[in-house]
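Colleague: For reference, the sequence and a predicted model appear below.
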Amino acid sequence: MHSSTSPSSLWRPWTPITQQANSLRIVDAQGTRVRDAEGNWYLDAISGVLNASCGHGHPRLLQAANRQFQQLVHYDPMVSSHDPAETLASRLAEILPGELNEIVLLNSGSEATEAALRIALQYWRNIGEDRNRVITFEAAYHGTTYLAQQLSGLPFTVSEWAPPFPIEHIALPAAPREMRTEESADALIALFAKALETGPPAAAVMVEPLLGLGGCVVLPAGFLTRLRALCDQHGALLILDEVFCGFGRTGRMFGFDHDGITPDIVTLSKGISGGYMPLAATAVTSAIKQTFVREPIAQGLRYGHTTGGHAVASAVANTVLDIMAEEKLVENSAAQGATMLDGLRKLLDSNPLVTDVRGLGLVIAIETDTEESAGAIAEAAADAGVMTRHERGVIRIAPPLTLTDADTAEVVEKMSGAADTAAANKP
């Protein structure tokens, strides 16, 4: 029964209740642009928050969804498979390295994390070892379902409830702007080595190739290679969260491709379907899957969702992979990202509010001296027609991978102007 004193309304997550009624409302999107309810167009420099890898309103993706809607919307994966999901699983296995051949299809990045953790912990039980400790970054973000949120040590996302298994958080040994040096790589590896060497044997180490919500921290070159070797030395599984980085965001198909390694488990979402449908995947090695014949209750994976691997979402994802290859979007991400990074780095010499500009492919961070400065720059950018996102003093720029030369120049020009405006107006 509805209350007579307050109308029902959409409860939006991560937004203060007092701000819900006055928030921005996006009503239209085409290519790299979005339009609000007042008719203002913006260059979408956050890809609808990292989903629109192929841009908004791509006709081929709309056609793929429509075709699948007319043929088969979906069927419960616990009852039957279907062609779109089977095809997608095969294609993901082809583009993932090594023996990452076994694909669980889900709905969101958080679900992919849940699946990865359940698989990792059950794997050790399957082979008769009692391992359940997980090591991750303190500045990690792996989702907001119960297990996923336990992995984060960020103030805004940290869980207040006790985890069901031991979790050890590794703090960055230096400020984010200093994490790209060889010295920081040594210090970081030393921290993970100590965590692996002390305490009970670790079940898994789970990290992002680039710390997204944790400040867009670009980790030092070679870190993942050395972490892979550490995990091998101590027998721990290496889980890489590619929800943020995967499908071309960092200028390679996957973030771990920069180091050329193969993890044991990978989580995928966001760009996998271009943001057109909810979809995620957890990929594991064949060796891990084979142990699940020993799982005592189902002799298989006791985790999944009715809409996991949704037929329409899978059909769209297959077309996303076609578009990415044909339009060379991974290569475009690398090229446009390098140009944008070079242009925005000039702010380090010209703007007193900017303390660092870093990035990899088409994910770029402008770090400022205070959270207020970041908010002021983001507001000035929106006024100029560029949509960004900021957290804790860091402005994140991550436009669609379809970005053109003109789009890139516009982002550089308007973000530079917004930073100058904020600096001029600072009390």
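Modeller: That came through fine.
Colleague: which residue is nearest the centroid of the protein?
Modeller: residue 244 (1.5 Å; C-alpha atoms, centre = their mean).
Colleague: Against residue 305, how distant is the residue nearest to it when sequence neighbours are not counted?
Modeller: Closest residue to residue 244 apart from its sequence neighbours, by C-beta to C-beta, 6 or more residues apart in numbering: residue 212 at 3.8 Å. (Glycine included, C-beta is placed from N, CA and C.) Using C-beta to C-beta, to the nearest Å, residue 212 is found at 24 Å from residue 305.
Colleague: who has more neighbours, those two?
Modeller: Between residue 212 and residue 305, counted using other C-beta atoms under 10 Å, residue 212 has the larger neighbour count: 26 against 18.
Colleague: So which residues of the stretch 51-200 of the chain form helices?
Modeller: With DSSP state H, counting those that start in this stretch, the ranges of helices along the stretch 51-200 of the chain come out as 59-71, 83-95, 109-126, 146-150, 182-197.
Colleague: Save the ones you listed as TSV, and put in mean neighbour count too.
Modeller: Converted to TSV, these look like this (neighbours: other C-beta atoms under 10 Å):
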stretch	mean neighbour count
helix 59-71	15
helix 83-95	17
helix 109-126	23
helix 146-150	21
helix 182-197	16
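Colleague: can I get these in TSV with mean pLDDT and distance to residue 39?
Modeller: Below are these laid out as TSV (pLDDT from 0 to 100; distance: least, C-beta to C-beta, whole Å):
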stretch	mean pLDDT	distance to residue 39
helix 59-71	96	23
helix 83-95	97	37
helix 109-126	97	33
helix 146-150	91	38
helix 182-197	96	47
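Colleague: thinking again about what came up before, does the residue nearest to the centre of the chain fall in a helix, a strand, or a coil region?
Modeller: What DSSP: H, G, I helix; E, B strand; the rest coil gives for residue 244 is coil.
Colleague: give the contact list for it.
Modeller: Applying C-beta atoms under 8 Å, 6 or more residues apart in numbering, we find residue 244 in contact with 50, 208, 210, 212-213, 255, 270, 363.
Colleague: and the gap between it and residue 76?
Modeller: Applying C-beta to C-beta to residue 244 and residue 76 gives a distance of 29 Å.
Colleague: ditto for residue 209
Modeller: With C-beta to C-beta as the criterion, residue 209 and residue 76 are 33 Å apart.
Colleague: Which one's more surrounded, the two?
Modeller: Neighbour count, other C-beta under 10 Å: between residue 209 and residue 76, residue 209 has more, with 27 against 11.
Colleague: Contact partners for the more buried one?
Modeller: With contact set as C-beta under 8 Å, 6+ apart, residue 209 has these partners: 219, 224, 240, 242, 245, 250, 254-256, 258-259.
Colleague: One more: residue 255?
Modeller: Going by C-beta under 8 Å, 6+ apart, residue 255 touches 208-210, 240, 242, 244-246, 249, 360.
Colleague: Neighbours of the nearest residue to residue 266 once chain neighbours are set aside, how many?
Modeller: Nearest residue to residue 266 in three dimensions, chain neighbours excluded: residue 283, at 4.6 Å (C-beta to C-beta, 6+ apart). Residues lying near residue 283 (other C-beta under 10 Å) number 25.
Colleague: mind checking the SS state of residue 283?
Modeller: Taking three-state DSSP as the rule, one finds residue 283 in the strand state.
Colleague: Could you confirm residue 342 falls within a helix?
Modeller: Yes - looking at residue 342 with three-state DSSP, it is inside a helix.
Colleague: where does the stretch 151-300 of the chain have low pLDDT?
Modeller: The model of the stretch 151-300 of the chain has no residue with pLDDT under 70.
Colleague: Quick one: the strands in it, in order.
Modeller: Taking DSSP state E, counting those that start in this stretch, the strands of the stretch 151-300 of the chain run over residues 167-170, 202-207, 210-211, 217-218, 237-241, 265-268, 280-284.
Colleague: Compare the ones you listed and give me the one nearest residue 419.
Modeller: Taking C-beta to C-beta, strand 217-218 is the member of the strands of the stretch 151-300 of the chain nearest to residue 419, at 20.0 Å.
Colleague: Show residues contacting that closest one.
Modeller: Contacts of strand 217-218 (C-beta under 8 Å, 6+ apart): 139, 172, 176, 179-180, 210-211, 358-360.
Colleague: I'd like those residues laid out as a markdown table, including neighbour count.
Modeller: Below are these laid out as a markdown table (neighbours: other C-beta under 10 Å):
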| residue | neighbour count |
| --- | --- |
| 139 | 20 |
| 172 | 20 |
| 176 | 23 |
| 179 | 22 |
| 180 | 17 |
| 210 | 24 |
| 211 | 24 |
| 358 | 22 |
| 359 | 23 |
| 360 | 25 |
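Colleague: With distance to residue 125 as added columns, please give these in JSON lines.
Modeller: What follows is the contacts of strand 217-218, written out as JSON lines (distance: C-beta to C-beta, whole Å):
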{"residue": "139", "distance to residue 125": "30"}
{"residue": "172", "distance to residue 125": "32"}
{"residue": "176", "distance to residue 125": "37"}
{"residue": "179", "distance to residue 125": "36"}
{"residue": "180", "distance to residue 125": "39"}
{"residue": "210", "distance to residue 125": "32"}
{"residue": "211", "distance to residue 125": "30"}
{"residue": "358", "distance to residue 125": "41"}
{"residue": "359", "distance to residue 125": "41"}
{"residue": "360", "distance to residue 125": "37"}
